[in-house]
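**Student:** Here is the input, now give the coordinates:
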Amino acid sequence: MSCHFKYTKETNLSIPRTAENNNKIYYEVKIVIKDVEWSVLRRYREFYDFHEKLTHSEGHVIAKSLLPPKKILGNKNPEFVEQRRKLLEEYIQSLLGLFNDKLPRAFIEFLEFNKYDIVYLLQDLSHYFCEFGDSLLLTSKEYNLSSLELHCISERLCIPCPEADQKDKYDFSHVLDFCSQLDIVSVTPLHAHEATEGCYYNAVDVPIGKSNLIPKNLKFNMNAFRNIKELKFYGLSTENISDAYFLKTSLVKFYVHNTTIRQINQVLLCDSVHKDVPNASDCNVWDKLQHLDFTGNLITSLDESIKLASKVKTLILDKNRLKSIQCLSSLSNLETLSLAVNLISECLDWHLQLGNLKTLNLSQNRISTLSGLRKLYSLVNLDLSCNQIENLEEIDHIASLPLLENLKLTANPLAGSVDYRPRVLARFYDRAPEIILDNEHATGMDLDMALVLSALNKAKINVNSIS
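**Tutor:** You can find the predicted model right below:
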């Protein structure tokens, strides 16, 4: 990450080329600070206005003659443009040598140091929080930060305080004070105004602005956020977190959406080099975590790291690549499990892992048989919509569940059959009036037909038992 204050001697400015757009000449200014670089396009008019600001500002004596003069006629002549490019390059290099590590605000904004440099980006953020922080916190204790902003905050905690940072409105303490009061933080590859949620996934590999900074390469810790209860990651892997110690003692809800993670340990052991649980210490346990949402990732299986969040009550794994479940027996507090839009075709003896489950969402999978759900005795809500259930007899496996109240079977082959509703309700016998099927209570007509069908079912069972 760029830090002119830290790498003053490794900061270089140049104007390597020009560009013409809409019959206007632009000069490309390239800024390099150690390994980080970015560029800005500026017209001569912008150089002129910038120079006027400098010459009228306090603190520096800048000669007006330092800037190459204007030229009214022939200013697009290739030879003249090339000569001016060289003179403008000498001009900005002279200013950099004059200012050294104490860059004036006009210089910072003209060359966009406030977009890519740790100190100056955070000065802008400090100024913003100084003016609007209190009103933002009164409205909501939730705030969105980009990976670049979080990286800057983490790195800024490790460097001495620049002199310019001591000015009231630019003081870094405004950022720290604001962050310490947040309850919910959302993290995105780009800032919220730079991308919609749908393109976060693609933005993680794309350079930020006109720089060579890549969001997925920016590591950060969460040490400035001592009180957050909810953390939301969109498009960015949690492995960007280099230190999650304080998160593990305070976080209640954790959301990770639209990333490339394939294993749970990439989240729960995000700051550990070794991802195997036997080597995990007590400092890896997520003490207060009750809600985990991993919607829209590439998770193919569940690993033993899930036991590090043993107090979880809600686990959402929608839109992944799961074919089965494992390692959930350690979640004795789990009440809600959502596995919608996965690749699950069967549920073999799930009661061995989900003993206390109340809500199960298996919609949009490939399930055709329900025998593996027959002993989920605490289940109240079951969503099986958009699967491949065709045989009415499969309902018998769940009809004996004593607490089941809400059942969804829409968009299964069975749901398109004649008298579907009363035939399904009939499998519940005396409990038919208690069942809400596909979000609808049974009508009187449904129950009358279900009563007849259930009586016929009983008679058929009795005949079969006698024979």
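
**Student:** Phi, psi for residue 231 please.
**Tutor:** Residue 231 adopts backbone torsions of phi -130, psi 130, taken as degrees, to the nearest 10.

**Student:** Tell me the confidence at it?
**Tutor:** Confidence per residue is given as pLDDT, and for residue 231 that number is 96.

**Student:** and what of residue 5?
**Tutor:** In the prediction, the pLDDT value recorded for residue 5 is 87.

**Student:** One more: residue 166?
**Tutor:** Note for residue 166: predicted pLDDT of 55.

**Student:** Likewise for the one 5 residues further on?
**Tutor:** pLDDT, residue 171: 91.

**Student:** where does the closest residue in space to it that isn't next to it in sequence land in three-state SS?
**Tutor:** In this structure, residue 171 finds its nearest non-sequential neighbour in residue 126, 5.8 Å apart by C-beta to C-beta, 6 or more residues apart in numbering. C-betas here are computed from N, CA, C, even on glycine. Using DSSP: H, G, I helix; E, B strand; the rest coil, the structure places residue 126 in helix.

**Student:** What residue spans form the domains of this protein?
**Tutor:** Here the domain parsing of the chain from automatic domain parsing is 8-115, 344-467.

**Student:** next SSE after the host helix or strand of residue 87?
**Tutor:** With elements delineated by DSSP states H and E, residue 87 resides in helix 78-99, which encompasses its position. Toward the C-terminus, helix 78-99 is succeeded by helix 105-110 as the next helix or strand (DSSP H and E).

**Student:** Give me the helices and strands touching that following helix, please.
**Tutor:** helix 44-56 (3 or more C-beta pairs under 8 Å, 6 or more residues apart in numbering; DSSP states H and E).

**Student:** 10 Å instead?
**Tutor:** The helices and strands touching helix 105-110, judged by 3 or more C-beta pairs under 10 Å, 6 or more residues apart in numbering; DSSP states H and E, are helix 44-56, helix 78-99, helix 113-116, helix 118-139.

**Student:** so which of those is the most packed in?
**Tutor:** Using mean count of other C-beta atoms under 10 Å, the stretch among the helices and strands packed on helix 105-110 with the largest mean neighbour count is helix 113-116, at a mean of 22.

**Student:** residues in contact with it?
**Tutor:** Residues from elsewhere that reach helix 113-116, judged by C-beta atoms under 10 Å, 6 or more residues apart in numbering: 1-2, 4, 11, 31, 33, 36-38, 40, 103, 105, 107-109, 119-125, 127, 148, 152, 208-213.

**Student:** Centre of the chain to that helix, how far?
**Tutor:** Computed by C-alpha atoms, centre = their mean, to the nearest Å, the chain-centroid distance of helix 113-116 equals 23 Å.

**Student:** where exactly do the strands run in the stretch 201-350 of the chain?
**Tutor:** For the stretch 201-350 of the chain, strands defined by DSSP state E, counting those that start in this stretch occupy the ranges 220-221, 230-234, 241-243, 253-257, 291-293, 314-316, 336-338.

**Student:** and the first one, how far out from the chain's middle?
**Tutor:** Right, the one you point to is strand 220-221. Relative to the mean C-alpha coordinate of its chain, strand 220-221 is positioned 15 Å out (C-alpha atoms, centre = their mean).

**Student:** And for the third one?
**Tutor:** Once both centres are worked out by C-alpha atoms, centre = their mean, strand 241-243 turns out to sit 15 Å from its chain's centre.

**Student:** just the strands in the stretch 351-467 of the chain please.
**Tutor:** 359-361, 381-383, 406-408, 436-437, 440-441.

**Student:** Run through the bridge partners of residue 293.
**Tutor:** Per DSSP bridges, residues listed as beta-bridge partners of residue 293: residue 255, residue 316.

**Student:** Show me the shaky parts of the stretch 51-200 of the chain.
**Tutor:** 58-60, 72-74, 162-167, 192-200 (pLDDT under 70).

**Student:** secondary structure class for residue 17?
**Tutor:** Three-state secondary structure (criterion: three-state DSSP) places residue 17 in strand.

**Student:** Let me see the contact set for it.
**Tutor:** Each residue near residue 17 by C-beta under 10 Å, 6+ apart is listed here: 26-28, 30, 39, 85.

**Student:** if I pick the closest residue to residue 366 other than its chain neighbours, what's in contact with it?
**Tutor:** Leaving aside its chain neighbours, residue 366 sits nearest to residue 345 (4.2 Å; criterion: C-beta to C-beta, 6+ apart). Applying C-beta under 10 Å, 6+ apart, we find residue 345 in contact with 323-324, 365-369, 387-388.

**Student:** Include distance to residue 404 and pLDDT when you put the residues you listed into a markdown table, please.
**Tutor:** Putting these into a markdown table (distance: C-beta to C-beta, whole Å; pLDDT from 0 to 100) gives the following:
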| residue | distance to residue 404 | pLDDT |
| --- | --- | --- |
| 323 | 25 | 95 |
| 324 | 23 | 94 |
| 365 | 19 | 97 |
| 366 | 22 | 96 |
| 367 | 16 | 96 |
| 368 | 19 | 95 |
| 369 | 17 | 95 |
| 387 | 17 | 97 |
| 388 | 21 | 97 |
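
**Student:** Just name the closest of the residues you listed to residue 304, please.
**Tutor:** Taking C-beta to C-beta as the measure, residue 304 sits nearest to residue 324 out of the contacts of residue 345, at 15.1 Å.

**Student:** CA atoms of stretch 61-71 as PDB?
**Tutor:** Listed in PDB are the C-alpha atoms of stretch 61-71, where the atom choice follows Å, rounded to 0.1, in the frame of the first residue of the first chain:
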ATOM      1  CA  VAL A  61       6.200  30.300  -1.400                       C
ATOM      2  CA  ILE A  62       5.700  29.200  -5.000                       C
ATOM      3  CA  ALA A  63       6.900  31.300  -7.800                       C
ATOM      4  CA  LYS A  64       4.300  31.900 -10.500                       C
ATOM      5  CA  SER A  65       7.000  31.400 -13.200                       C
ATOM      6  CA  LEU A  66       7.500  27.800 -12.100                       C
ATOM      7  CA  LEU A  67       4.600  26.700 -14.300                       C
ATOM      8  CA  PRO A  68       5.100  26.600 -18.000                       C
ATOM      9  CA  PRO A  69       3.300  29.600 -19.600                       C
ATOM     10  CA  LYS A  70       0.100  29.600 -21.500                       C
ATOM     11  CA  LYS A  71       0.000  29.500 -25.300                       C
END
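
**Student:** if we can go back for a sec, now for the contacts of residue 17: which two are most distant?
**Tutor:** Of all pairs drawn from the contacts of residue 17, the greatest distance, 13.8 Å, lies between 39 and 85 (C-beta to C-beta).

**Student:** hey, what's in contact with both of these two?
**Tutor:** Contact with both residue 39 and residue 85 is made by residues 14-17, 28, according to C-beta under 10 Å, 6+ apart.

**Student:** If any of those residues are buried, put those into a PyMOL selection.
**Tutor:** Here is the PyMOL command that selects the buried residues among the shared contacts of residue 39 and residue 85 (16 or more other C-beta atoms under 10 Å):
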select buried, resi 15+28
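
**Student:** ok, residue 400 touching residue 377?
**Tutor:** Yes - here residue 400 reaches residue 377: they are 9.0 Å apart, a contact under C-beta atoms under 10 Å.
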